[in-house]
Structure formats: structure tokens, C-alpha cells
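A.B. asks: sequence and predicted structure below; questions after.
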Amino acid sequence: MYKDKKVVFSGVQPSGQLTIGNYLGAIKNFAEFSDEYRCYYCVVDEHAITVRQNPAELRRRTYETLALYIACGLDPEKNVLFVQSHVSGHAELGWILDCYTMFGELSRMTQFKDKSKKNTDNINAGLFTYPALMAADILLYQTEMVPVGSDQKQHLELARNIAERFNGIYGETFVVPEPFINKTPSARIMSLAEPTKKMSKSDENENATVRILDEKDVIIKKFKRAVTDSGSEVRALDGKDGIINLMSIYGAFTGKSFEEIEREFEGRGYGDFKLCVGEACADALAPVREEFKRLMNDKAYLEDVIAKGAMEAYRDSLKTMSKVRRKVGFIEKPRF
Ligand code: AQP
């Protein structure tokens, strides 16, 4: 019975075509929690509009992200798969938590700094308060554990601080969540064009990202073009950021350690190595691509999953919402 289970929550923004960073850092790890935990995996469309989106594309990507969840192994019978904007508690709790989140805390968030540099003409309040909405997503379901890539660690720490602050004022209200960041280098996959920068789905340089849904020949071409240093030895040495990134990706898809990879490619050069990384990645993702195509042709099924997910998430969110409303001093909601 799920009521005795601890809760896992995570989300992905439908803000672009998902990359192998999203896959290796987050989604690939989601399924392993499904049996033991009550799992909520959300398509966080409200977060996506902190950056200007084309409405038709946002709609399409919302379906695609949900289909990718399933194609990556998340069974809708075992996980609550849903769309954030379908459950009003996210925005409602987000506003309340805004009032328990400090300006100074939000100003220190590196994602805000990076994204405001990238979107100078649209540094909106939502981009700034994004971490408070993310805290609401997590705290709404009394989440114990949040599987994310390492770029989200700072936001998770802030969510913990907000929960502790609120609990400190009003008494035990929220479970204080723990991040789950996998210990391998794939917790942070870097751009193929600028290996000191994280791979991001919204990167405009197509050579910087490998998308989960890219065809095999495209994947191989992108790895061939990946920026490396001027050497030729496949070794994880200081300053070889590009090669280390490719080793992390190869290791994540093959299960091989850095030592094993170094031994395998001794004396073989970068060209050979890049081809093997491309092939390992494309072959591992081939079944995901196939299943994704099948699901996108079954809109009725996706609509059913979305409706069931929204209903379950909404129902489960009510308890926390009513507790929070009472604690902060809002009067009882009239019943219509
Ligand atoms: N490069 C990455 N390596 C490992 N994990 C990553 N994640 C993102 N990029 C990498 C993880 O993917 C999950 C979903 O991310 P998100 O959609 O919520 O937002 P994000 O972290 O801002 O991801 P992107 O790809 O960089 O999106 P855009 O370009 O829209 O900002 C998270 O768990 C994240 O850690």
C-alpha cells in the first residue's frame, strides 16, 4: 500500500528536446525507485515558462517529455506521471513559499545568474523565484528523496532550508528532502562544444548536445565533432575536460570504469574512441527511441496517463495544502 511508502519526486522541464545529460543525470535513475517508493515524476511546464516558450512547441514537448518518461522505463501503473500545471497546489504552495524565501538566498543561485546572462531581455520574477516553486513541487508530496543531476544540488539545499524554516516557525509541516545524486561522473554531463559548460537542452548550438531522440548517424556525427584537446591519449588527466566528459558518457552507457576505458583505448587515438562512444550511446538509446515513436502514435493512451496522473497527484496534494493553509492562518476554503 503506497501510504506506507516513502516518497520520491522529480521533474524535467519541457523546455527543449531532452539530452543525454537529462537522461544520464536524472531520468535513467528514476525507475529504480518505483518498487520501493511512492514516486511522482512531473513534467514541470510552469518552470519552463520562466524562459519564453513558443506555445505550440511547449504543448508538443509536454507530451513528448511524458512519453519519454514511459519510454525510459517508467511504468504509469507504478509511478504517478503528471503535468505540473494540472495540479494547482504547485503554484499555490509556490506563492506561499515565496514568502518564506529570502531575496539574498535567491540572488545566490547560480542557475539564476547563468540564465539571466543568457536571457538579458527577459529577466523575469519567475526566473528569480524558480527555486521556491521547485521547493513547493517537492514539499507538496512530503518527499523524502529527489533524484537529480548535480546542477540541481544548490536548489535542493535551498528547498531543505525553506522546509526547515517553515517547520521552525509553525512546527513539523514538511518532510525535509534529501537529494539523490548518482556518484558517477554522469551526474554532470558537459557540453560537447564547450566541455567546461554543462550540456543543456536549450543550448542553441546543436553540436553541443546529444538528444535522446537523435538518430544513430546524427549521434555519431556529433561525437566525431566533440571538442577535445590537441593530444591523442584517452586518459582522465587534468585539463582534458573534453576527453573526461566523453569517458563519463562512455562509462555511463557501458558500465566501464575510467581505468577500464583507459586500458581499452591505449594507443588507439581520439578518432577511434569518439566512434565507440557514439556507437555505445546510439545503441543504448535505440530501444528508447523505438518505444517513444510507438507512444507518440497512441495519443489516447498518453491522455489517459496524463488524466490518471493529474487525479492522483491532485488528491495526494490536498493534505499538505490544507495543513499549510491552516498553519499560515488562512481561513477554511468554502466548499462549492
Ligand atoms: N548536463 C547534465 N548532466 C546531468 N544531469 C543533468 N540534468 C540537466 N542537465 C544535466 C538533470 O536533468 C533533470 C531535468 O533538468 P531540468 O529540465 O529540470 O532543467 P535543467 O537542469 O536546467 O536542464 P537543462 O537541460 O539545462 O534545461 P534548460 O536548458 O531548459 O535549462 C535535472 O535533474 C537536472 O539535474
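C.D. replies: Received it, and whenever you're ready, just let me know what you need. Numbering: from 1, shown residues only.
A.B. asks: and the gap between the closest residue to residue 90 other than its chain neighbours and the ligand?
C.D. replies: Nearest non-adjacent residue to residue 90, counting by CB to CB, 6 or more residues apart in numbering: residue 84, 5.2 Å away. No exception for glycine: its C-beta is placed from N, CA and C like everyone else's. According to CB to the nearest ligand atom, to the nearest Å, residue 84 and the ligand sit 11 Å apart.
A.B. asks: same question, residue 85
C.D. replies: Taking CB to the nearest ligand atom, one finds residue 85 at 15 Å from the ligand.
A.B. asks: and for residue 311?
C.D. replies: For residue 311 relative to the ligand (CB to the nearest ligand atom), the value is 24 Å.
A.B. asks: helix, strand or coil for that residue?
C.D. replies: helix (DSSP: H, G, I helix; E, B strand; the rest coil).
A.B. asks: what mean pLDDT does the helix or strand encompassing residue 278 get?
C.D. replies: Taking DSSP states H and E as the definition, one finds residue 278 inside helix 269-296. The average pLDDT for helix 269-296 rounds to 97.
A.B. asks: what of stretch 98-110?
C.D. replies: Rounded mean pLDDT across stretch 98-110 is 98.
A.B. asks: please compute how far the helix holding residue 278 lies from its chain's middle.
C.D. replies: 20 Å (CA atoms, centre = their mean, to the nearest Å).
A.B. asks: tell me which residues touch residue 76, please.
C.D. replies: 70, 305, 308, 309 (CB atoms under 8 Å, 6 or more residues apart in numbering).
A.B. asks: from what I see, residue 241 and residue 195 are in contact.
C.D. replies: Yes. If you go by CB atoms under 8 Å, residue 241 and residue 195 touch, sitting 4.0 Å apart.
A.B. asks: okay, the two: which has more neighbours?
C.D. replies: Neighbour totals were compared for residue 241 and residue 195, and residue 195 leads with 22 against 17 (other CB atoms under 10 Å).
A.B. asks: hang on, that one in a strand?
C.D. replies: No. Assigned with three-state DSSP, residue 195 falls outside any strand and is coil.
A.B. asks: how far away is it from residue 46?
C.D. replies: Distance, residue 195 to residue 46, using CB to CB, to the nearest Å: 32 Å.
A.B. asks: what about stretch 87-105, how long is it end to end?
C.D. replies: 27 Å (CA to CA, to the nearest Å).
A.B. asks: same thing with stretch 258-275?
C.D. replies: 17 Å.
A.B. asks: how about that stretch: buried residues?
C.D. replies: The neighbour-count check on stretch 258-275 (16 or more other CB atoms under 10 Å) flags 258, 261, 262, 265, 270, 273, 274 as buried.
A.B. asks: so which of those residues is the closest to the ligand?
C.D. replies: Nearest to the ligand among these, counting by CB to the nearest ligand atom, is residue 258 at 17.3 Å.
A.B. asks: contacting residues around the closest one?
C.D. replies: Residue 258 neighbours (CB under 8 Å, 6+ apart): 236, 247, 251.
A.B. asks: kindly report the same for residue 213.
C.D. replies: 17, 18, 68, 288, 289, 292.
A.B. asks: mind doing that once more with 7 Å?
C.D. replies: For residue 213, the contacting residues are 17, 289, 292, by CB atoms under 7 Å, 6 or more residues apart in numbering.
A.B. asks: what's opposite the closest residue to the first one other than its chain neighbours in the beta bridge?
C.D. replies: Right, the one you point to is residue 17. Once flanking residues are discounted, residue 17 sits nearest to residue 211: 4.6 Å by CB to CB, 6+ apart. With DSSP bridges as the criterion, residue 211 is bridged to residue 19.
A.B. asks: so residue 211 touches residue 19, yeah?
C.D. replies: Yes. Judged on CB atoms under 7 Å, residue 211 makes contact with residue 19 at a distance of 5.8 Å.
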